[in-house]
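Asks: No sequence on hand, only this structure:
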């Protein structure tokens, strides 16, 4: 009798564990996707643009009948850009037996902290911005991205600075986080490879209100270009404004976090004019396929900076994978992961076909170089194959 009871208990535990980890469940029991990202804190502006774009895609899917007649529930998981909070979000999402995929996390530090957790519960993640190269080099099969990696962005920026801007001296600053350090490493390595002899490097504190100390050192070196690897637009705005106040004439080159009209261009009070930055998304206003999305987004939420469009496509790719997994009326997390990996030549609103390689990386990703002109971002170069 004791063996029978133990056997029965084991079966119950296996069933419970299997349900949470995505084994066959009736679609009618519920379908959810998670949005993991910084929806509060310093990066809330791009974070909410991502969330709002996810919501548009989910709302459109539900308006068209959902999946097998079941409406998809969108669950917000706010990590505030903090790895520890990201872990809490991952625990919540993994434990939700109706959860079949996550859009995010968009920040590399949070993606790194939660990578193993999502892998263990077989929950597909598709990031729209996390660019640290080794995120897809660890052998996991649940993690995908619709953006190029830092080992594409950094070289593209380095080539642009050395070859297009003809810089002979470059000062590189970065905050002490996974993304910013990796970005700066790649830029510096490329500049050295291209023969730029005068390169200086320093670190800054994220969310600081005064960068005059480090900028005084920058001014003493009189570089042709100042590269700033920081995650949030407010940091870039403070930096470029104080840089001009100190009379530093270097060309300002910011990382992708600077692409925000309100928090960078407007907050800089004119100092950002002429500045350059790189981004992982194209100029969405130049892509005909994006016209409907742009109209819907702006009518509901206001202006776009560029962080939202990849999230819209990522969500639709995930929903497509879920629909295929649910075709027979049942769905599992592993099935969703399988169909995500099979994504090939998906054409959404980004102007290029999306295909994932065996590691989950985007094939043929590009780096987009923008310049601030007349209070707006003007696309000046598309760098591919770096």
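Replies: That came through, no problem. Bear in mind that the values here come from a model prediction, so they are computed numbers and not experimental data.
Asks: Could you tell me which residues within stretch 91-109 count as buried?
Replies: Of all the residues in stretch 91-109, those buried under the rule 16 or more other Cβ atoms under 10 Å are 93-94, 96-109. For glycine as for every other residue, the C-beta is placed from the backbone atoms N, C-alpha and C.
Asks: Going by distance to residue 197, which of the residues you listed wins?
Replies: Comparing these against residue 197 with Cβ to Cβ places residue 108 closest, at 30.2 Å.
Asks: Surely the closest one and residue 133 touch.
Replies: No - applying Cβ atoms under 8 Å, one finds residue 108 not in contact with residue 133, separated by 9.4 Å.
Asks: Overlap in contacts, the two.
Replies: Residues touching both residue 108 and residue 133 by Cβ atoms under 8 Å, 6 or more residues apart in numbering: residue 182.
Asks: Identify, from the buried residues of stretch 91-109, the entry nearest to residue 348.
Replies: Distance to residue 348, by Cβ to Cβ, is smallest for residue 103 among the buried residues of stretch 91-109, at 13.6 Å.
Asks: Return the per-residue confidence for the closest one.
Replies: What the model reports for residue 103 is a pLDDT of 98.
Asks: Is it correct that it is in contact with residue 34?
Replies: Yes - with contact defined as Cβ under 8 Å, residue 103 reaches residue 34; the gap is 7.1 Å.
Asks: from the buried residues of stretch 91-109, which ones fall inside strands?
Replies: Among the buried residues of stretch 91-109, the residues falling in strands (DSSP state E) are 99, 100, 101, 102, 103.
Asks: May I see those residues organised as a markdown table, with distance to residue 338 added?
Replies: Formatted as a markdown table, those follow (distance: Cβ to Cβ, whole Å):
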| residue | distance to residue 338 |
| --- | --- |
| 99 | 17 |
| 100 | 12 |
| 101 | 12 |
| 102 | 16 |
| 103 | 18 |
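Asks: List just the nearest of those to residue 68.
Replies: Minimum distance to residue 68 across those is 12.6 Å, recorded for residue 100 (Cβ to Cβ).
Asks: contacting residues around that closest one?
Replies: Residue 100 neighbours (Cβ under 8 Å, 6+ apart): 22, 31, 32, 33, 123, 124, 322, 325, 331, 333, 336.
Asks: Walk me through the domains of this protein.
Replies: For the chain, the domain assignment from automatic domain parsing gives the residue ranges 2-148+287-355, 151-279+368-384.
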